[in-house]
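**Q** Predicted structure and sequence below. I'll ask about it afterward.
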Amino acid sequence: MRKNNAQAYLFLSPFLILVTLLYILPAILTVVMAFTGLDSSFEWEFEGIKNFRRVFRDPNTPKIIINTIIYVATCISVTMVVDLFFAIMTTHFIKTESTASFFKGVLMIPMITPAVVYSVLWIWLLSSNSGGFLNKIFMGITGSQTPVNWIANYPMQVVIIAKIMTSIAFGTINFSSAIKAIPENQFKAARVDGAKEWEIVKSIIIPNLRFHILFIALWETLGLLTDYTTILLITDGGPGIASEVWALSAYHKAFISAKYGYGAAISLLLIAVVLVFMIAISMVSAHMERREADAR
Amino acid sequence: MIRIEKLRKAYDSKTVALDSIDLTFEDSSFVALLGPSGCGKTTTLNCIAGLLEPTSGKIYFGDKDVTMLQPKDRNIGMVFQSYALYPHLKVIDNIAFPLKQKGMGKEERYAKVREIAKMMQIEALLDRKPGQLSGGQQQRVSMARALVKEPEVLLLDEPMSNLDARLKIEIRDEIRRLQQETGITSIIVTHDQEEAMAIADKIAILDNGRIQQYDTPERLYHYPANLFVAKFMGNPPMNFIDAALTADGTHIVGAGVDLMVPEHMSAGAKKFAGKAIKIGVRSHLIAVETEKQPQTMEMRLQIVENLGKELLVSGMVGESFVRVTVPESHEMYVCYRQIAKSDKPYVYLRMTGVYNIFDSETGVNIGLEK
């Protein structure tokens, strides 16, 4: 037994060393860095909680927090509703496997498109000059001669819509397989018991999916909090800080202003929030596993 | 009364699940649809429930044509093999679910649920979730849910298949008791012939999407319409002995067999005169003689076993393997064993009760032919 363990560790050791070097070390470095005034001169000068004080004193911080909350809350609620809608439509109502797969395939396209290509597409769609796709339609319909600068005028709306489009596939496919796992007899029983289709969705599908919904919601929230690629590529947080979110501001401070210590401090605050979500996720998934074990 | 007329369900031109089924269910009767898996029994039930749309044919509840009605408009209760309880609802809300769909108020609903729970002896479980119940308890809850709306028909889809042997009998008796108390027309689907025999007033045996026989359990057991039914009904299974009818149709002859065709079979025997047949006889309706006598079949004795309450004597009549059970007796046990070991291991079988003869080619019961 012990010999086997030793062997297992031997086989794992290259991986463990890599994990330590690439995952754990940077995490520790981030924590350390947050308490230093590290900048482009790369001098590790310990400054205590000065960085954190600066974060809270920064006049932009409230706006960024509000932006982050709006961004995450809107994206997550719309995504969940749309996810459920598509999952129920493609799994419960469209019984033809090939049609349902086609729809799911279409939903996957934004997810598998490289973020850069996808963002360029949005920039073209919403371009401020009269050659932009949306402007052509807008000017054609209203007869207006002045093109609208969509991205500058509605930065939050644009990034939220763009982000939602890329998020739908993941939840939809997850919910869809969860719906398939509901025993067919529950639907039959409900039909015999007199339930109408909406009632079946409300009383059978949604309750059966409640842990999946919770899990995906937490998971997507985590992604929304930490991933800023879409915003970076479409508005870069602008105009001004109109669409700046917390994670993006960490990037801006660290890489654009080269204030690595300050950026690390912002990240660390985010990590504290993220940790709460991660603990919640692991609790939900542990509960799901227990429930599945019970079902068996 | 429920009537099924020329019911047909085809998934495509090659897969025909039901091939023109006609059945009538009398009011307050308990009917079993029995057959091997894939015979079409569940398809029939789902068509009656409205969960499947038949390709053609009609279903009537009383005088009302319900063929195209949704399940919710048919006033049926249904019990499933896997219970199909709603896992997130408490037992009380599971049972109340059909009433809620009818728009009944909460208090009235719960009062009704308590009433039926009392009848089913599950009052103590009302506040639990289905996951906290045993299989037998879950099945009781699902019965209560099916009965609470006082349906016109109760449909049971293999309700006992997930239960262990002892519980099976308990629930079986419970279902029978409830059916008799409520007088509700009930249809049960099962592949267990013993279960069907015990519970049903009438049994429809299906195979390959066709009804093989629709009759009382006693008739099915003693007078199966064809070889399929004969093989399906009864445990231990019926013995089949290859033989032939004489050219005048008055005698059954074969290797070691010489029987006179009994009076009630003579009409059919004349029709099938000269044909190869199979004699079908139950193992307890045969007596064993040690000396050759007229009207017997010669059996080469192979195995003699003492089963406690009876002796199982088996061997070959011609090319057919036959089992006979006779009352336990130590003397006879020793005697048969000696015969089996001797160089003339023959005993003679005499029919003591009902037996049937089947046409080897088509499988029909010749004795039932008029």
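**A** Right, received. Where do you want to start?

**Q** which parts of the stretch 151-296 of chain A sit against chain B?
**A** Proximity of the stretch 151-296 of chain A to chain B, by CB under 8 Å from any CB of the partner chain, involves residues A:183, A:185-186, A:188-196, A:199, A:203-204, A:207-208, A:210, A:294-295. C-beta coordinates here come from the backbone N, C-alpha and C atoms, glycine included.

**Q** Of those residues, select the buried ones using a PyMOL command.
**A** The buried residues among these can be selected in PyMOL (16 or more other CB atoms under 10 Å in any protein chain shown) with this line:
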select buried, chain A and resi 183+185+186+188+189+190+191+192+193+194+195+199+203+204+208
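
**Q** if I pick the closest residue to residue A:50 other than its chain neighbours, what's in contact with it?
**A** In space, and not counting its chain neighbours, residue A:50 is closest to residue A:37: 7.3 Å by CB to CB, 6 or more residues apart in numbering or on different chains. Residue A:37 sits next to A:43, A:45, A:47, A:50, A:51, A:261 when contact means CB atoms under 8 Å, 6 or more residues apart in numbering or on different chains.

**Q** Likewise for residue A:36?
**A** Residue A:36 neighbours (CB under 8 Å, 6+ apart): A:44, A:45, A:46, A:47, A:51, A:261, A:264.

**Q** List only buried entries from those.
**A** For those, buried by 16+ other CB under 10 Å: A:47, A:51, A:261, A:264.

**Q** Let me know the closest of those residues to chain B.
**A** residue A:264 (44.6 Å; CB to the nearest CB).

**Q** That closest one looks like it's in a helix, true?
**A** Yes - under DSSP: H, G, I helix; E, B strand; the rest coil, residue A:264 falls within a helix.

**Q** OK, contacts around it?
**A** Residue A:264 touches A:30, A:31, A:33, A:34, A:36, A:38, A:51, A:250, A:254, counting by CB under 8 Å, 6+ apart.

**Q** The closest residue to residue A:287 other than its chain neighbours: which element?
**A** Leaving aside its sequence neighbours, residue A:287 sits nearest to residue A:211 (CB to CB, 6+ apart; 6.4 Å). Counting by DSSP states H and E, the element that carries residue A:211 is helix A:210-226.

**Q** Give the other helices and strands that that helix contacts.
**A** In terms of contact count using 3 or more CB pairs under 8 Å, 6 or more residues apart in numbering or on different chains; DSSP states H and E, helix A:210-226 is assigned the packing partners helix A:61-88, helix A:155-180, helix A:246-251, helix A:260-295.

**Q** sorry, back to before: JSON lines for the contacts of residue A:36, including distance to residue A:153 and secondary structure?
**A** Output for the contacts of residue A:36, formatted as JSON lines (distance: CB to CB, whole Å; DSSP: H, G, I helix; E, B strand; the rest coil):
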{"residue": "A:44", "distance to residue A:153": "44", "secondary structure": "coil"}
{"residue": "A:45", "distance to residue A:153": "43", "secondary structure": "coil"}
{"residue": "A:46", "distance to residue A:153": "45", "secondary structure": "strand"}
{"residue": "A:47", "distance to residue A:153": "40", "secondary structure": "coil"}
{"residue": "A:51", "distance to residue A:153": "34", "secondary structure": "helix"}
{"residue": "A:261", "distance to residue A:153": "36", "secondary structure": "helix"}
{"residue": "A:264", "distance to residue A:153": "34", "secondary structure": "helix"}
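
**Q** Noted, bye for now.
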